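turn this into a structure:
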Amino acid sequence: MDNYFRFKQFQIAHDRCSMKVGTDAVVLGAWVDCHPTTHVLDIGTGSGVIALMLAQRTGAETKIDAVDVEPDDCAQAQENFLNSPWPDKIKAYCHDIRLFNTTATYDLIVSNPPYFQNSMLPPAEKRKVSRHTHSLTHKELLLCAKRLLNSTGRLAIILPYTEGVSFITEATHVGFHCIRQTNFRARAEKPIERLLLEFSRQAKQKTETELVHYARLEKWSADYIQLTKEFYTKNWD
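Numbering: from 1, shown residues only. A predicted model of the protein is given here:
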């Protein structure tokens with residue numbers, strides 16, 4: 001297995017991380033509305049891929065804090081940041097986000113959070129923490145976002161469909177409004193697999209769109225190519 005995942009402007013080492021670079025993280029990093037932002041927080045950064053994608057997409061004035069509870073993940077993320085074109089924009093913190101104390105408030109929080117709430121736990125402890133909500137429940141994530149966002153700040157996440165629907169309900173109880181939703185399908189005829197969700201404490205008109213990964217066989221859809229073309233090195237011809 002290749003220990004690196006290569007993008008157009010940076011590469012990710014992920015051999016020591018709980019989870020390898022995957023489609024969920026790449027889609028979220030490309031989809032999230034990151035303008036205008038000057039202070040961004042990535043919760044559960046893992047290898048740091050989303051933080052790096054946002055560093056690529058934002059100006060020099062934007063600072064990005066990346067937090068992860070796993071020491072190996074945090075250490076490798078920091079190495080990836082230092083080896084990237086934006087070493088001064090991003091900093092990794094090995095910390096439980098529930099106990100993360102900072103005087104800063106954020107314009108944007110992004111997270112590819114734990115999501116398996118009732119399924120069988122995997123044997124690897126680190127992978128278990130990354131994929132299951134026993135270490136950070138969705139309510140705890142929402143409360144952390146409420147504490148750390150500024151008054152106009154936004155939270156952006158990706159979740160499987162069922163967990164995403166539940167998350168929207170949980171968010172309303174905490175005082176968040178879902179203002180943007182994209183339904184992500186593997187193919188047009190398939191059920192919705194993921195929800196890309198953006199929340200704000202300010203009530204706004206919600207926008208809802210669809211994104212399909214594959215147009216046919218293994219050929220990516222035009223929309224997916226358009227979304228990710230600034231990152232993947234794949235030849236589209």
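
all strands of the chain, in order?
4-6, 11-13, 39-43, 63-68, 90-94, 106-111, 149-160, 177-185, 194-200, 207-212, 214-216, 219-220 (DSSP state E).

would you mind naming the residues that bridge with Y232?
Counting by DSSP bridges, Y232 is bridged to F7.

what's the neighbour count on it?
Y232: 17 surrounding residues under other Cβ atoms under 10 Å. Glycine gets a C-beta too; all of them are placed from N, C-alpha and C.

H39 now?
19.

check contacts around the residue lying closest to it once chain neighbours are set aside.
Nearest-residue entry for H39: Y106, 5.1 Å, with adjacent residues in sequence omitted and distances by Cβ to Cβ, 6 or more residues apart in numbering. For Y106, the contact set (Cβ atoms under 8 Å, 6 or more residues apart in numbering) comprises H39, V40, L41, D65, L148, L149, N150, G153.

show me the shaky parts of this protein.
Judged by pLDDT under 70, the chain has its weakly predicted residues at 1, 115-134, 235-237.

longest single helix anywhere in the chain?
Counting residues, the longest helix in the chain under DSSP state H turns out to be helix 161-174.

I'd like to know which elements that one is packed against.
Counting contacts by 3 or more Cβ pairs under 8 Å, 6 or more residues apart in numbering; DSSP states H and E, helix 161-174 packs against helix 138-148, strand 177-185, strand 194-200.

ok, back up a step: which residues does the residue nearest to H39 bridge with?
Here Y106, judged by DSSP bridges, has bridge partners L149.

ok, the contacts of Y106 vs E218, which is closest?
Minimum distance to E218 across the contacts of Y106 is 33.1 Å, recorded for V40 (Cβ to Cβ).

count of residues packed around L99?
L99 has 8 nearby residues by other Cβ under 10 Å.

got it, and R180?
Neighbours around R180, by other Cβ under 10 Å: 20.

one more: N83?
Count around N83 with other Cβ under 10 Å applied: 13.

what's the distance between it and G164?
Between N83 and G164 the computed distance is 33 Å (Cβ to Cβ, to the nearest Å).

can I get the strands of the chain in JSON lines with distance to V32?
As requested, these are exported to JSON lines (distance: least, Cβ to Cβ, whole Å):
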{"stretch": "strand 4-6", "distance to V32": "19"}
{"stretch": "strand 11-13", "distance to V32": "18"}
{"stretch": "strand 39-43", "distance to V32": "9"}
{"stretch": "strand 63-68", "distance to V32": "12"}
{"stretch": "strand 90-94", "distance to V32": "15"}
{"stretch": "strand 106-111", "distance to V32": "6"}
{"stretch": "strand 149-160", "distance to V32": "4"}
{"stretch": "strand 177-185", "distance to V32": "9"}
{"stretch": "strand 194-200", "distance to V32": "7"}
{"stretch": "strand 207-212", "distance to V32": "13"}
{"stretch": "strand 214-216", "distance to V32": "22"}
{"stretch": "strand 219-220", "distance to V32": "20"}
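
between those, which one is closest to W31.
strand 194-200 (5.2 Å).

neighbours around W31, how many?
21.

no no, P191
Counted with other Cβ under 10 Å, residues neighbouring P191 total 9.

and what of A75?
The burial count for A75: 15, using other Cβ under 10 Å.

got the contact list for it?
Counting by Cβ under 8 Å, 6+ apart, A75 has contacts R16, A92, C94.

next: P36.
P36 touches D107, counting by Cβ under 8 Å, 6+ apart.

how much space between it and W86?
Taken as Cβ to Cβ, the span from P36 to W86 is 18 Å.
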